[in-house]
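**Student:** sequence first, predicted model second:
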Amino acid sequence: MVIYTQKETLIQALSSAKKNDRIGFVPTMGALHKGHISLVKKALSENDVVVVSIFVNPTQFNNSADLQTYPRTPEDDISLLKNLNGEVIVYLPEVSDLYEDAVSAKIYNFGGLENEMEGKHRKGHFDGVGTIVSKLLKIVKPDSAYFGEKDFQQLQIVKKLVSIEKLPVKIVGCPILREENGLAMSSRNKRLSEIKFVESELIYKTLKEVQEKFSSTSIADLNVLVAERFLQNPHLKLEYFEIANEETLKTAKRKNKGSKYRAFIAVFAGEVRLIDNMPLN
Ligand code: PAF
(Lines give C-alpha, C1' and ligand atoms only; values in the text may rest on other atoms or scores of the structure.)
Protein backbone atom coordinates (compact mmCIF):
# COMPACT_ATOMS: atom_id res chain seq x y z
CA MET A 1 0.00 0.00 0.00
CA VAL A 2 1.38 3.40 -0.95
CA ILE A 3 0.37 6.67 0.73
CA TYR A 4 0.48 9.95 -1.18
CA THR A 5 0.09 13.33 0.48
CA GLN A 6 0.44 15.42 -2.67
CA LYS A 7 -1.82 15.36 -5.69
CA GLU A 8 1.04 15.74 -8.22
CA THR A 9 2.74 12.53 -7.09
CA LEU A 10 -0.58 10.70 -6.94
CA ILE A 11 -1.46 11.83 -10.48
CA GLN A 12 1.97 10.70 -11.66
CA ALA A 13 1.62 7.27 -10.05
CA LEU A 14 -1.88 6.82 -11.47
CA SER A 15 -0.92 7.87 -14.97
CA SER A 16 1.26 4.78 -15.34
CA ALA A 17 -1.40 2.55 -13.76
CA LYS A 18 -4.13 4.05 -15.93
CA LYS A 19 -3.11 2.55 -19.29
CA ASN A 20 -4.61 -0.88 -18.73
CA ASP A 21 -5.94 -0.84 -15.21
CA ARG A 22 -9.43 -0.08 -14.02
CA ILE A 23 -9.30 2.46 -11.21
CA GLY A 24 -11.85 2.47 -8.41
CA PHE A 25 -12.15 5.37 -5.98
CA VAL A 26 -13.54 5.58 -2.45
CA PRO A 27 -13.56 9.14 -1.08
CA THR A 28 -13.73 9.29 2.73
CA MET A 29 -13.22 11.67 5.61
CA GLY A 30 -11.35 8.97 7.55
CA ALA A 31 -12.29 7.47 10.93
CA LEU A 32 -12.91 4.38 8.84
CA HIS A 33 -15.38 1.73 9.96
CA LYS A 34 -16.81 -1.48 8.48
CA GLY A 35 -19.11 0.56 6.22
CA HIS A 36 -16.13 2.24 4.52
CA ILE A 37 -14.28 -1.07 4.34
CA SER A 38 -17.26 -2.65 2.56
CA LEU A 39 -17.03 0.11 -0.08
CA VAL A 40 -13.29 -0.50 -0.51
CA LYS A 41 -13.86 -4.27 -0.80
CA LYS A 42 -16.55 -3.75 -3.44
CA ALA A 43 -14.23 -1.37 -5.30
CA LEU A 44 -11.38 -3.93 -5.09
CA SER A 45 -13.64 -6.65 -6.48
CA GLU A 46 -14.50 -4.51 -9.52
CA ASN A 47 -11.17 -2.75 -10.26
CA ASP A 48 -7.42 -3.37 -10.54
CA VAL A 49 -6.38 -0.47 -8.31
CA VAL A 50 -8.39 1.33 -5.64
CA VAL A 51 -7.64 4.83 -4.42
CA VAL A 52 -8.98 5.76 -0.97
CA SER A 53 -8.85 9.44 -0.05
CA ILE A 54 -8.84 10.46 3.60
CA PHE A 55 -9.62 14.14 3.93
CA VAL A 56 -11.84 16.01 6.39
CA ASN A 57 -13.20 18.61 3.99
CA PRO A 58 -13.61 21.97 5.78
CA THR A 59 -15.97 23.52 3.22
CA GLN A 60 -18.76 21.00 3.84
CA PHE A 61 -19.03 21.81 7.57
CA ASN A 62 -21.47 24.59 8.37
CA ASN A 63 -20.56 24.39 12.03
CA SER A 64 -16.96 24.92 13.18
CA ALA A 65 -17.44 22.87 16.38
CA ASP A 66 -18.53 19.92 14.23
CA LEU A 67 -15.41 20.30 12.05
CA GLN A 68 -13.20 20.53 15.11
CA THR A 69 -14.65 17.45 16.82
CA TYR A 70 -14.94 15.29 13.68
CA PRO A 71 -12.98 12.11 14.58
CA ARG A 72 -9.53 11.85 13.02
CA THR A 73 -7.75 8.46 13.27
CA PRO A 74 -5.28 8.29 10.35
CA GLU A 75 -3.06 5.60 11.89
CA ASP A 76 -5.99 3.26 12.56
CA ASP A 77 -7.37 4.00 9.08
CA ILE A 78 -4.10 3.02 7.45
CA SER A 79 -3.79 -0.23 9.37
CA LEU A 80 -7.37 -1.18 8.43
CA LEU A 81 -6.59 -0.57 4.75
CA LYS A 82 -3.27 -2.45 4.98
CA ASN A 83 -5.14 -5.57 6.05
CA LEU A 84 -7.13 -5.74 2.81
CA ASN A 85 -6.22 -7.99 -0.09
CA GLY A 86 -5.61 -5.97 -3.21
CA GLU A 87 -3.85 -2.87 -4.46
CA VAL A 88 -4.94 0.09 -2.36
CA ILE A 89 -3.46 3.57 -2.80
CA VAL A 90 -4.15 6.12 -0.07
CA TYR A 91 -4.37 9.84 -0.72
CA LEU A 92 -4.00 11.72 2.58
CA PRO A 93 -3.58 15.40 1.71
CA GLU A 94 -3.35 18.58 3.79
CA VAL A 95 -5.99 21.25 3.18
CA SER A 96 -3.50 23.30 1.09
CA ASP A 97 -3.01 20.46 -1.41
CA LEU A 98 -6.69 20.59 -2.39
CA TYR A 99 -7.53 24.25 -1.68
CA GLU A 100 -4.58 26.21 -3.00
CA ASP A 101 -5.83 29.79 -3.05
CA ALA A 102 -8.83 29.92 -0.79
CA VAL A 103 -10.66 27.43 1.39
CA SER A 104 -14.04 28.10 -0.17
CA ALA A 105 -16.73 26.20 -2.03
CA LYS A 106 -18.09 26.67 -5.52
CA ILE A 107 -21.82 27.46 -5.55
CA TYR A 108 -23.75 24.72 -7.34
CA ASN A 109 -27.23 24.30 -8.72
CA PHE A 110 -28.11 20.64 -8.39
CA GLY A 111 -31.61 21.20 -9.73
CA GLY A 112 -33.16 21.57 -6.29
CA LEU A 113 -31.74 18.36 -4.76
CA GLU A 114 -29.49 20.57 -2.62
CA ASN A 115 -32.41 22.46 -1.05
CA GLU A 116 -34.14 19.48 0.57
CA MET A 117 -33.53 17.88 3.98
CA GLU A 118 -29.78 18.10 4.77
CA GLY A 119 -29.61 21.16 2.52
CA LYS A 120 -32.19 22.97 4.69
CA HIS A 121 -30.43 22.10 7.94
CA ARG A 122 -26.78 22.42 6.83
CA LYS A 123 -26.57 25.54 4.68
CA GLY A 124 -23.85 25.31 2.02
CA HIS A 125 -23.07 21.69 2.90
CA PHE A 126 -23.64 20.34 -0.61
CA ASP A 127 -21.62 23.14 -2.23
CA GLY A 128 -18.72 21.92 -0.09
CA VAL A 129 -19.38 18.27 -1.00
CA GLY A 130 -19.70 19.12 -4.71
CA THR A 131 -16.49 21.17 -4.63
CA ILE A 132 -14.38 18.48 -3.01
CA VAL A 133 -15.84 15.52 -4.90
CA SER A 134 -15.28 17.37 -8.19
CA LYS A 135 -11.66 18.18 -7.24
CA LEU A 136 -10.99 14.58 -6.18
CA LEU A 137 -12.60 13.02 -9.27
CA LYS A 138 -10.50 15.29 -11.49
CA ILE A 139 -7.31 14.22 -9.69
CA VAL A 140 -7.99 10.47 -9.47
CA LYS A 141 -9.93 10.12 -12.76
CA PRO A 142 -11.44 6.80 -11.66
CA ASP A 143 -13.54 4.49 -13.79
CA SER A 144 -15.94 4.02 -10.85
CA ALA A 145 -16.44 5.84 -7.55
CA TYR A 146 -18.23 4.32 -4.55
CA PHE A 147 -20.54 6.12 -2.11
CA GLY A 148 -22.61 4.77 0.78
CA GLU A 149 -26.40 5.01 0.78
CA LYS A 150 -26.37 6.27 4.36
CA ASP A 151 -25.81 9.69 2.77
CA PHE A 152 -28.49 9.03 0.18
CA GLN A 153 -29.02 12.71 -0.64
CA GLN A 154 -25.26 13.10 -1.14
CA LEU A 155 -25.27 10.06 -3.47
CA GLN A 156 -28.03 11.62 -5.64
CA ILE A 157 -26.18 14.95 -5.66
CA VAL A 158 -22.89 13.32 -6.69
CA LYS A 159 -24.73 11.61 -9.59
CA LYS A 160 -26.07 15.04 -10.59
CA LEU A 161 -22.60 16.61 -10.21
CA VAL A 162 -20.96 14.16 -12.63
CA SER A 163 -23.72 14.76 -15.17
CA ILE A 164 -23.42 18.59 -14.82
CA GLU A 165 -19.61 18.49 -15.11
CA LYS A 166 -19.65 15.65 -17.67
CA LEU A 167 -17.15 13.62 -15.67
CA PRO A 168 -16.58 10.17 -17.21
CA VAL A 169 -17.08 8.10 -14.06
CA LYS A 170 -19.66 5.56 -12.93
CA ILE A 171 -21.11 6.40 -9.51
CA VAL A 172 -21.87 3.27 -7.51
CA GLY A 173 -24.23 3.42 -4.51
CA CYS A 174 -23.57 0.84 -1.77
CA PRO A 175 -25.96 -0.41 0.95
CA ILE A 176 -25.89 0.87 4.52
CA LEU A 177 -24.02 -1.30 7.03
CA ARG A 178 -25.54 -1.39 10.51
CA GLU A 179 -24.42 -2.07 14.08
CA GLU A 180 -26.08 -5.00 15.85
CA ASN A 181 -28.74 -2.67 17.28
CA GLY A 182 -29.52 -1.36 13.79
CA LEU A 183 -27.71 1.98 14.09
CA ALA A 184 -26.26 2.91 10.69
CA MET A 185 -22.46 2.76 10.78
CA SER A 186 -20.93 6.22 10.83
CA SER A 187 -17.64 7.81 11.88
CA ARG A 188 -19.70 9.99 14.22
CA ASN A 189 -20.81 6.90 16.22
CA LYS A 190 -17.34 6.95 17.83
CA ARG A 191 -18.46 10.06 19.73
CA LEU A 192 -21.58 8.48 21.26
CA SER A 193 -21.66 7.67 24.97
CA GLU A 194 -22.67 4.09 25.84
CA ILE A 195 -26.21 5.08 26.76
CA LYS A 196 -26.68 7.23 23.66
CA PHE A 197 -25.38 4.39 21.49
CA VAL A 198 -27.89 1.98 23.05
CA GLU A 199 -30.78 4.45 22.80
CA SER A 200 -29.95 5.25 19.16
CA GLU A 201 -31.47 1.92 18.18
CA LEU A 202 -34.76 3.84 18.18
CA ILE A 203 -33.75 5.40 14.83
CA TYR A 204 -33.61 2.03 13.04
CA LYS A 205 -36.62 0.62 14.91
CA THR A 206 -38.72 3.62 13.93
CA LEU A 207 -37.64 3.51 10.28
CA LYS A 208 -38.50 -0.22 10.21
CA GLU A 209 -41.91 0.51 11.73
CA VAL A 210 -42.54 3.19 9.08
CA GLN A 211 -41.46 0.76 6.35
CA GLU A 212 -43.83 -1.94 7.65
CA LYS A 213 -46.80 0.45 7.98
CA PHE A 214 -46.15 2.42 4.77
CA SER A 215 -48.63 0.57 2.55
CA SER A 216 -51.49 0.81 5.06
CA THR A 217 -50.94 4.20 6.71
CA SER A 218 -51.08 7.78 5.40
CA ILE A 219 -47.90 9.85 5.27
CA ALA A 220 -49.46 12.39 7.65
CA ASP A 221 -50.10 9.67 10.25
CA LEU A 222 -46.59 8.25 9.83
CA ASN A 223 -45.14 11.73 10.46
CA VAL A 224 -47.12 11.97 13.71
CA LEU A 225 -46.10 8.44 14.75
CA VAL A 226 -42.38 9.24 14.33
CA ALA A 227 -42.64 12.54 16.23
CA GLU A 228 -44.35 10.69 19.12
CA ARG A 229 -41.73 7.93 19.27
CA PHE A 230 -38.94 10.49 19.70
CA LEU A 231 -40.85 12.70 22.16
CA GLN A 232 -40.93 9.69 24.48
CA ASN A 233 -37.12 9.34 24.46
CA PRO A 234 -35.11 11.76 26.65
CA HIS A 235 -31.77 10.86 24.99
CA LEU A 236 -32.65 11.66 21.39
CA LYS A 237 -33.93 14.82 19.74
CA LEU A 238 -35.58 14.53 16.34
CA GLU A 239 -34.31 17.20 13.94
CA TYR A 240 -36.37 16.11 10.97
CA PHE A 241 -38.25 13.14 9.61
CA GLU A 242 -39.46 13.19 6.02
CA ILE A 243 -40.91 10.78 3.54
CA ALA A 244 -39.62 11.91 0.16
CA ASN A 245 -39.67 10.91 -3.47
CA GLU A 246 -36.46 8.93 -4.03
CA GLU A 247 -35.65 10.67 -7.34
CA THR A 248 -36.49 14.30 -6.64
CA LEU A 249 -36.01 14.13 -2.85
CA LYS A 250 -39.08 16.37 -2.56
CA THR A 251 -41.19 15.89 0.58
CA ALA A 252 -44.19 13.67 -0.13
CA LYS A 253 -47.55 14.69 1.28
CA ARG A 254 -49.41 11.75 -0.24
CA LYS A 255 -48.48 8.60 -2.17
CA ASN A 256 -48.61 8.56 -5.96
CA LYS A 257 -48.78 5.28 -7.86
CA GLY A 258 -45.52 4.49 -9.65
CA SER A 259 -43.32 6.72 -7.44
CA LYS A 260 -40.60 5.36 -5.18
CA TYR A 261 -40.44 6.68 -1.65
CA ARG A 262 -37.81 6.70 1.06
CA ALA A 263 -37.90 7.78 4.71
CA PHE A 264 -35.14 10.19 5.83
CA ILE A 265 -34.28 11.11 9.39
CA ALA A 266 -31.81 13.28 11.33
CA VAL A 267 -31.54 12.97 15.11
CA PHE A 268 -29.35 14.55 17.78
CA ALA A 269 -27.98 12.13 20.37
CA GLY A 270 -26.60 14.82 22.68
CA GLU A 271 -24.08 16.72 20.56
CA VAL A 272 -23.81 13.99 17.93
CA ARG A 273 -25.94 14.35 14.82
CA LEU A 274 -27.01 11.05 13.23
CA ILE A 275 -28.72 10.56 9.88
CA ASP A 276 -30.33 7.48 8.34
CA ASN A 277 -32.78 6.49 5.61
CA MET A 278 -34.76 3.50 4.40
CA PRO A 279 -36.61 2.58 1.19
CA LEU A 280 -40.37 2.28 1.69
CA ASN A 281 -41.75 0.65 -1.47
O1 PAF B 1 -19.33 11.11 2.70
C2 PAF B 1 -18.24 11.61 3.01
O3 PAF B 1 -17.44 11.06 3.79
C4 PAF B 1 -17.87 12.96 2.44
O5 PAF B 1 -18.98 13.77 2.28
C6 PAF B 1 -17.06 12.87 1.12
C7 PAF B 1 -17.88 12.24 0.01
C8 PAF B 1 -15.80 12.06 1.34
C9 PAF B 1 -16.65 14.27 0.66
O10 PAF B 1 -15.87 14.91 1.60
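**Tutor:** Yes, it's here.
**Student:** residues of the stretch 1-150 of the chain that sit close to the ligand?
**Tutor:** Applying Cβ under 6 Å from any ligand atom, we find that the stretch 1-150 of the chain lies next to the ligand at 27, 28, 29, 57, 60, 129, 132, 133. Quick note: C-beta positions are derived from backbone N, CA and C, even for glycine.
**Student:** strands of the stretch 101-250 of the chain, start to end?
**Tutor:** 144-148, 170-174, 236-245 (DSSP state E, counting those that start in this stretch).
**Student:** would TSV of the ones you listed with mean neighbour count, distance to residue 272 and mean pLDDT be doable?
**Tutor:** Listed next are the strands of the stretch 101-250 of the chain as TSV, based on neighbours: other Cβ atoms under 10 Å; distance: least, Cβ to Cβ, whole Å; pLDDT from 0 to 100:
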stretch	mean neighbour count	distance to residue 272	mean pLDDT
strand 144-148	23	18	98
strand 170-174	16	23	98
strand 236-245	18	10	98
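**Student:** switch these over to CSV; also include distance to residue 215.
**Tutor:** Output for those, formatted as CSV (distance: least, Cβ to Cβ, whole Å):
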stretch, distance to residue 215
strand 144-148, 27
strand 170-174, 24
strand 236-245, 13
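**Student:** and residue 122, which of the ones you listed is closest to it?
**Tutor:** Nearest to residue 122 among these is strand 236-245 (10.2 Å), distances taken as Cβ to Cβ.
**Student:** the closest one packs against which elements?
**Tutor:** On a contact count with 3 or more Cβ pairs under 8 Å, 6 or more residues apart in numbering; DSSP states H and E, strand 236-245 meets helix 118-121, helix 201-213, helix 219-231, strand 261-269.
**Student:** return the most buried member of these.
**Tutor:** Burial of those is given as mean neighbour count (mean count of other Cβ atoms under 10 Å); strand 261-269 ranks first at a mean of 21.
**Student:** quick one: is stretch 172-190 near the ligand?
**Tutor:** No. Stretch 172-190 stays clear of the ligand (Cβ under 6 Å from any ligand atom), getting no nearer than 7.6 Å.
**Student:** end to end, how far does that stretch reach?
**Tutor:** 26 Å (Cα to Cα, to the nearest Å).
**Student:** now swap in stretch 36-56 and tell me
**Tutor:** In stretch 36-56, first residue to last residue: 15 Å (Cα to Cα).
**Student:** and it, what's buried?
**Tutor:** Buried positions in stretch 36-56, judged by neighbour count with 16 or more other Cβ atoms under 10 Å: 36-44, 47, 49-56.
**Student:** in the stretch 101-250 of the chain, where is pLDDT below threshold?
**Tutor:** Counting by pLDDT under 70, the stretch 101-250 of the chain shows no low-confidence range.
**Student:** separation between residue 234 and residue 225?
**Tutor:** Residue 234 sits 19 Å away from residue 225, going by Cβ to Cβ, to the nearest Å.
**Student:** typo on my end, residue 242
**Tutor:** Residue 242 is 14 Å from residue 225, where distance means Cβ to Cβ.
**Student:** centre-most residue in the protein?
**Tutor:** residue 151 (3.6 Å; Cα atoms, centre = their mean).
**Student:** return the residues in contact with the closest residue to residue 118 other than its chain neighbours.
**Tutor:** Closest residue to residue 118 apart from its sequence neighbours, by Cβ to Cβ, 6 or more residues apart in numbering: residue 153 at 5.2 Å. Counting by Cβ atoms under 8 Å, 6 or more residues apart in numbering, residue 153 touches 113, 116, 117, 118, 119, 126, 249, 264.
**Student:** which stretches of the stretch 1-150 of the chain form helices?
**Tutor:** Using DSSP state H, counting those that start in this stretch, the helices of the stretch 1-150 of the chain run over residues 7-18, 34-46, 64-69, 74-82, 95-98, 118-121, 125-140.
**Student:** how far away from the center of its chain is the fifth one?
**Tutor:** Centroid separation between helix 95-98 and its chain, computed with Cα atoms, centre = their mean, to the nearest Å, is 21 Å.
**Student:** fine by me, thanks again.
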